[in-house]
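> next input, structure requested:
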Amino acid sequence: MTRSANLIADGQTKTANRVRRDLLGVEPDSRPLRNTIPHRELYEALLTQRQADNPDESVTASIEEDGITVSCRGESAHYTSDEARDIAAGLESRTDEDGEIRDLIAFFRHGADVLEGKEDRSRQMNFEDWR
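As a prediction, this is how the structure comes out:
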């Protein structure tokens, strides 16, 4: 078992994320999207959402103890901090407009920072309130 996996098994997720980041030497916001997009259906729904005409359809997201939960257009997923950063980078590369998705990208990065212990949990943990 790897060192990160041992830390996660011991409930030390924040430490595991820092160890993983240090070992990989990855810059969190500029890294490329994973080869395999986690929860592809939700990712596609988020890309579609940016063109939505229906104001009743919106993205919901919240920062939980162990990840970021996101729902959009009937799809939902629970992302780790690494996955959230990768999804944010992927959305950013395909979005050039302001609005809900641009705000979600910032929320993903904020949530990843909270999960990794870089920011405290004093800010809003729900996307709707955070916006």
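> show me what the longest helix seen in the chain is packed against.
In the chain, with assignment by DSSP state H, the single longest helix is helix 100-115. Contact partners of helix 100-115 among helices and strands, from 3 or more C-beta pairs under 8 Å, 6 or more residues apart in numbering; DSSP states H and E: helix 13-24, helix 40-49, strand 60-63, strand 68-72, helix 81-94, helix 127-130. Using the backbone N, CA and C atoms, a C-beta is placed for each residue, glycine as well.
> using CSV, write out every CA atom in stretch 115-131.
Output in CSV follows, covering the C-alpha atoms of stretch 115-131 (Å, rounded to 0.1, in the frame of the first residue of the first chain):
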residue,chain,number,x,y,z
LEU,A,115,-10.2,19.7,1.5
GLU,A,116,-6.4,20.0,1.4
GLY,A,117,-6.3,22.3,4.4
LYS,A,118,-5.1,25.4,2.5
GLU,A,119,-8.3,27.3,3.4
ASP,A,120,-10.5,27.0,6.4
ARG,A,121,-14.1,26.0,6.4
SER,A,122,-15.4,29.4,7.5
ARG,A,123,-16.6,30.3,4.0
GLN,A,124,-19.8,29.0,2.6
MET,A,125,-19.8,25.3,1.8
ASN,A,126,-22.7,25.4,-0.7
PHE,A,127,-22.2,26.7,-4.2
GLU,A,128,-25.5,28.5,-4.2
ASP,A,129,-24.6,30.5,-1.1
TRP,A,130,-21.0,30.9,-2.1
ARG,A,131,-21.9,32.6,-5.4
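> in that stretch, which residues are buried?
By 16 or more other C-beta atoms under 10 Å, the buried positions in stretch 115-131 come out as Leu115, Glu116, Met125, Phe127, Trp130.
> now swap in stretch 86-106 and tell me
Neighbour count says stretch 86-106 has Asp86, Ile87, Ala88, Ala89, Gly90, Leu91, Glu92, Thr95, Glu100, Ile101, Leu104, Ile105 buried, by 16+ other C-beta under 10 Å.
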